[in-house]
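Colleague: next one to model:
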Amino acid sequence: LLLFDSRDGWCDYQSTLWGDYYQKNQRDTSVTDLAPWVKAFAQDARNRIAKRREESAAARLEQSGPQDDTRQEEIIDANKVDSPENSPRKSPTKNPDSNA
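Modeller: Modelled structure (predicted):
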């Protein structure tokens, strides 16, 4: 839909469905809710996505087989790793020749 042409300026009026509708019907711009059919479509899409995620997670569990309860993952405590006494770097020492 061409509205403005840099050579000719504004184009002639173009009839559009919504443009014609709002010429005859007042529009309340304070209402910003989704249209009911859009809201229903979005909710349906969310439900479909959630169902596919559940199905995908279930399929991954089936493919992985029984879980090995004896395997444990090492958990690193961030506080211990970040503490100076556990740091692999040596703390800077004073230069004996320095007067500071």
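Colleague: and for L34, the neighbour number?
Modeller: Counted with other C-beta atoms under 10 Å, residues neighbouring L34 total 11. All C-beta spots, glycine's among them, are computed from the backbone N, C-alpha and C.
Colleague: is it true that it touches A42?
Modeller: Yes - with contact taken as C-beta atoms under 8 Å, L34 and A42 are classed as touching, separated by 7.0 Å.
Colleague: give me phi/psi at the closest residue to L3 other than its chain neighbours?
Modeller: Sequence neighbours aside, C11 is the residue nearest to L3 in space, at 5.8 Å (criterion: C-beta to C-beta, 6 or more residues apart in numbering). The phi/psi pair for C11 (degrees, to the nearest 10) reads phi -80, psi 170.
Colleague: for C11, give me its contacts.
Modeller: Taking C-beta atoms under 8 Å, 6 or more residues apart in numbering as the contact definition, C11 lies against 2-5.
Colleague: same question for the lengthiest helix in the chain: list its buried residues.
Modeller: When every helix of the chain is counted residue by residue (DSSP state H), the longest turns out to be helix 36-64. Residues of helix 36-64 classed as buried by neighbour count (16 or more other C-beta atoms under 10 Å): none.
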